[in-house]
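>>> after the sequence you'll find the predicted model.
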Amino acid sequence: MGSTPHLPVTSQQESKLVGLAPETRSAVKIVTLGTGGAIPTPARSLPATALQREAEIFLFDCGEGTQLQFLKADLSPGKLRAVFISHLHGDHILGLPGLLMTLAHLSRKAPLSLFGPPGVSDYIRLTCRCLQFSPGYELIVKESSGGRVYSGPDYWIDAVPLDHTVFTLAYVFEEKERPGRFLLERARQLGVPEGPLYGRLQTGTDVTLSNGRVIRATEVLGKPRRGRKVVYAVDTRPCQQVKEISTGADLLIHDGMFSDQLREEARLKGHSTAVQAAEVAQNAKVERLLLTHISPRYRNQDALLQKEAMTIFPHTTVAKDLMQFKIQVHK
């Protein structure tokens, strides 16, 4: 008889064989819905960035026409869980009435949370009154001056004050650390039987064998795997707090409104140059920098801003409307 060929076992097959939980967490997707600043142009809508994680979408800022950009990006409005407003300048909030009304016309029933700086509640209340509009779904508006604003089972979103001409917030999305990879051979050596105990150890839970021996999860797991981290810091001068909150981030979305030739104008208007944003990214040791809130004067000059930033931080991209970035889980 011929010998049976050896078939490689994939991680998913292995999970079925020994009781391990398969890795099911999908990529975090970032979509740049609006990448301009101050006024819209044919190429750039006003500030809005979507972050999708599993079946949840979070929206950061809401410039005019954001609901249309949502559709162009093929994002499901029904998955929108919360909106985070950085500050009350018009280019960041004037899209809210249209978005809220669109959700109502789509017969939304799920609650929607909305976070922003002090004053955002008055803006929503007065806008709805003037438009004679009632959402028809629960709209939960909360003001913040900084700190944790939103939490999920294994992630959170924090707000941090920035340095702009008015009170402005950055937002930090971060996941909890995950247990390290399961060391199958080590578990076998310790006498752990294949099955449910493997799954419990994989989640970081200690187990007791039938002989009374306690097996610590740390004995059969590799080094913990860090969660993903995204920082949204738009409309700000370069500042120490952004460097601190961005340390080790997978993606820093940062104000890059001006060329470094206009550094003084950027300072006066409360913004950053491409070079200054790159310096923040370099100091914070982020994985990638995304420049956004681009001045309308740079209609065909992305290459200029990109070149300036890349002299400091090579992993820089100048955002364009409807770009998508995926951040995979850390292995």
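Okay, I see it. Numbering: from 1, shown residues only.
>>> domains of the protein?
Here the domain parsing of the chain from automatic domain parsing is 28-178+225-327, 179-219.
>>> now those domains as JSON lines including mean neighbour count and mean pLDDT?
Quick note: C-beta positions are derived from backbone N, CA and C, even for glycine. Formatted as JSON lines, the domains of the chain follow (neighbours: other CB atoms under 10 Å; pLDDT from 0 to 100):
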{"stretch": "domain 28-178+225-327", "mean neighbour count": "19", "mean pLDDT": "96"}
{"stretch": "domain 179-219", "mean neighbour count": "15", "mean pLDDT": "89"}
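>>> quick check: phi and psi at the residue nearest the centre of the chain.
Nearest to the centroid of the C-alpha atoms of the chain, with distances taken as CA atoms, centre = their mean, sits V230, at 4.3 Å. Backbone dihedrals for V230, given as degrees, to the nearest 10, come out at phi -130, psi 130.
>>> likewise V280?
Backbone dihedrals for V280, given as degrees, to the nearest 10, come out at phi -60, psi -50.
>>> please name the bridge partners of the residue nearest to the centre of the chain.
Partner residues in beta bridges with V230: F173, L251, with DSSP bridges as the criterion.
>>> so who does it touch?
With contact taken as CB atoms under 8 Å, 6 or more residues apart in numbering, V230 is in contact with V28, I30, L51, V172, F173, E174, A249, D250, L251, I253, I327.
>>> for the fourth one, which non-adjacent residue is spatially closest?
In other words, V172. For V172, the nearest residue in space outside its immediate sequence neighbours is D158; the separation is 4.6 Å by CB to CB, 6 or more residues apart in numbering.
>>> tell me how far the helix or strand containing that neighbour is from the chain's mean position?
Following DSSP states H and E, the helix or strand that holds D158 is strand 155-161. Its chain's C-alpha centre and that of strand 155-161 lie 10 Å apart, by CA atoms, centre = their mean, to the nearest Å.
>>> and if you look at stretch 114-122?
Using CA atoms, centre = their mean, the distance from the centre of stretch 114-122 to the centre of the chain it belongs to is 20 Å.
>>> C-alpha coordinates for that stretch, CSV please?
What follows is stretch 114-122 as a C-alpha-only set of coordinates in CSV (Å, rounded to 0.1, in the frame of the first residue of the first chain):
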residue,chain,number,x,y,z
LEU,A,114,-22.6,62.0,19.6
PHE,A,115,-19.6,63.4,21.5
GLY,A,116,-18.0,66.8,21.2
PRO,A,117,-16.6,69.7,23.1
PRO,A,118,-18.7,72.0,25.4
GLY,A,119,-21.3,73.7,23.2
VAL,A,120,-22.1,70.8,20.9
SER,A,121,-25.4,70.1,22.8
ASP,A,122,-26.6,73.6,22.1
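>>> which of the contacts of V230 lies closest to T218?
Taking CB to CB as the measure, E174 is the one of the contacts of V230 closest to T218, at 23.1 Å.
>>> what's near enough to touch the closest one?
Y155, W156, I157, D158, G227, R228, K229, V230.
>>> go again using 7 Å as the cut-off
E174 makes contact with Y155, W156, G227, K229 under the criterion CB atoms under 7 Å, 6 or more residues apart in numbering.
>>> go on, A43?
For A43, the contact set (CB under 7 Å, 6+ apart) comprises R299, D321.
>>> recalculate using a threshold of 8 Å.
For A43, the contact set (CB under 8 Å, 6+ apart) comprises G36, R299, K320, D321.
>>> SS state for the residue nearest to Q52 when sequence neighbours are not counted?
Residue nearest to Q52 in three dimensions, not counting chain neighbours: K29, with 4.4 Å by CB to CB, 6+ apart. Secondary structure of K29, reduced to three states by DSSP: H, G, I helix; E, B strand; the rest coil: strand.
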